[in-house]
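Participant: Sequence plus the predicted model coming up.
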Amino acid sequence: MRKIRFGITGSGYMARTHGEAIRQLGEVADLVALWGGSRAAGLAAHLGVTNEPSLETLMARRDIDAVVVTTPHHLHARETILALESGKHVLIEKPMATSVEDCDRIIAAAARRGSTIGVAYNLRFRNNLPRARELIAAGAIGRVQSLHYSMIRQLASMGNFGGNKLGWVSQPESIGFVLGGLTHGIDAIRWATGAEVTRALGFSRTYTPGRGNEDTTVGIMEFSNGAVCSVHTTTAAHGEFPGEMARLQLIGSAGSLDLDTFGDLHLTDRARGWRLVTTQPPVLPDDPDEAFKGGRMQAFRDQLRSFIDGIHGGPMRTASGADGRAGVTACLAMLASSQQNRAVIPA
């Protein structure tokens with residue numbers, strides 16, 4: 001199996017994450033070059049690759065087979081479509097794009113070129129979500145009836161990884177935090193249960209002074225299996241609640257699951273009560289280097305390896321373009337619901 005040669009767009013926290021993952025998979029992948037952002041020269045030097053002067057020169061390189069897109073949300077569609085039209089496969093950091101139309105354009109471009117696209121939902125490759133999926137499939141909690149997903153963040157503390165202050169999330173063109181936060185939860189629920197979002201009701205607000213877009217959304221989603229889910233995503237907290245950086249709770253007809261994506265997965269039923277099932281190695285946000293080694297990187301290595309399998313024509317657990325589109329449509333439906341004061345069916 002030949003190595004896949006990669007380029008990266010962006011130079012922030014996620015660019016370094018994917019760059020380190022590629023380097024750690026040296027038997028199947030090579031990192032060739034990157035482009036974009038104020039830290040590009042430094043990251044390229046750190047990774048030992050070329051810092052390309054423009055997006056166009058990166059895409060024109062014939063020694064790059066695939067590109068990982070890690071730039072702000074609103075830039076994903078342009079960069080991804082250019083990569084696809086240049087004959088490259090593309091792994092896109094979530095969310096896939098900022099509009100349903102852009103998601104459709106990406107999917108159509110990949111189909112025309114016969115290229116593989118993936119969307120980076122790394123929860124599929126951590127310890128807890130795959131185990132929860134197995135338990136649900138085995139009937140351990142019976143029929144899933146209701147769920148709750150929360151992602152509670154303090155914006156000021158989100159920049160500790162590698163010094164990235166994530167200022168772009170305040171830009172109106174990036175839509176808001178719900179598109180970056182809730183997409184994780186939607187993919188987790190869809191992948192774990194096999195159900196699709198059929199209706200969304202949302203209440204979105206902006207509480208952070210000077211913020212140009214949504215920073216808090218509370219809402220309800222209805223799923224095709226009859227389950228209902230409450231959601232709470234915010235970057236307006238003054239401190240982070242223990243275990244609530246990203247948490248999914250599932251209540252079934254025969255038991256329940258409590259999934260902390262940065263901690264433990266617990267299962268309960270009437271016969272045995274609560275017990276620990278699996279543990280996700282912690283990510284220490286106050287140590288910039290810790291994020292690029294240990295348990296966190298395992299998920300990104302496995303995700304990348306699965307994407308490479310897809311490029312070679314094998315089965316791919318990495319989320320597809322259709323999966324990426326589903327997350328965007330549900331989040332935009334929730335924002336539209338807040339604007340229109342009614343429940344909205346995802347496009």
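Facilitator: Looks like it arrived, so ask away.

Participant: Give me the pLDDT for residue 160.
Facilitator: On pLDDT, residue 160 comes in at 40.

Participant: same question, residue 290
Facilitator: 72.

Participant: can you give me the strands in the stretch 101-250 of the chain?
Facilitator: 117-120, 144-152, 197-205, 216-223, 228-234, 247-252 (DSSP state E, counting those that start in this stretch).

Participant: Now do the last one and strand 144-152, the angle between them.
Facilitator: Read that as strand 247-252. For strand 247-252 against strand 144-152, the angle by axes from the mean of the first three to the mean of the last three C-alpha atoms, to 10 degrees is 170 degrees.

Participant: again with the third one
Facilitator: Calculated by the same axes, to 10 degrees, strand 197-205 forms an angle of 30 degrees with strand 144-152.

Participant: re the thing from before, tell me the most buried of the strands of the stretch 101-250 of the chain?
Facilitator: Most buried of these by mean neighbour count (mean count of other C-beta atoms under 10 Å) is strand 117-120; its value is a mean of 28. For the C-beta atoms, the positions are set from N, CA and C on the backbone; glycine is no exception.

Participant: what's it packed up against?
Facilitator: Packing partners of strand 117-120 (3 or more C-beta pairs under 8 Å, 6 or more residues apart in numbering; DSSP states H and E): strand 89-93, helix 100-113, helix 295-311, helix 321-340.

Participant: ok, the shortest one: who's next to it in the sheet?
Facilitator: Translated: strand 89-93. Strand pairing for strand 89-93, using DSSP bridges, gives strand 66-69 (parallel), strand 117-120 (parallel).

Participant: Span of stretch 28-44 from start to end?
Facilitator: Stretch 28-44 stretches 20 Å from its first residue to its last (C-alpha to C-alpha, to the nearest Å).

Participant: Going by neighbour count, list what's buried in that stretch.
Facilitator: Of the residues in stretch 28-44, 29-37, 39-40, 43-44 count as buried by neighbour count, 16 or more other C-beta atoms under 10 Å.

Participant: For burial, what's the neighbour tally of residue 323?
Facilitator: For residue 323, the count of nearby residues is 20 (other C-beta atoms under 10 Å).

Participant: ditto for residue 210
Facilitator: Around residue 210 there are 6 residues (other C-beta under 10 Å).

Participant: same check, this time on residue 128
Facilitator: Residue 128: 24 neighbours (other C-beta under 10 Å).

Participant: That one reaches residue 267, doesn't it?
Facilitator: No - using C-beta atoms under 8 Å, residue 128 makes no contact with residue 267, being 11.0 Å away.

Participant: and for these two, which residues touch both?
Facilitator: Counting by C-beta atoms under 8 Å, 6 or more residues apart in numbering, the residues touching both residue 128 and residue 267 are residue 277.

Participant: circling back: among the strands paired with strand 89-93, which is nearest residue 214?
Facilitator: For these, the distance to residue 214 is smallest for strand 117-120, at 21.1 Å, taking C-beta to C-beta.

Participant: Can I get the closest one in PDB, CA atoms only?
Facilitator: Taking Å, rounded to 0.1, in the frame of the first residue of the first chain, the C-alpha atoms of strand 117-120 are listed here in PDB:
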ATOM      1  CA  ILE A 117     -13.900  13.300   1.300                       C
ATOM      2  CA  GLY A 118     -14.100  12.900   5.100                       C
ATOM      3  CA  VAL A 119     -15.200  15.100   7.900                       C
ATOM      4  CA  ALA A 120     -13.100  15.100  11.100                       C
END
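
Participant: Show me the domain layout of this protein.
Facilitator: Domain ranges of the chain: 4-122+298-319, 124-285+327-340, per automatic domain parsing.
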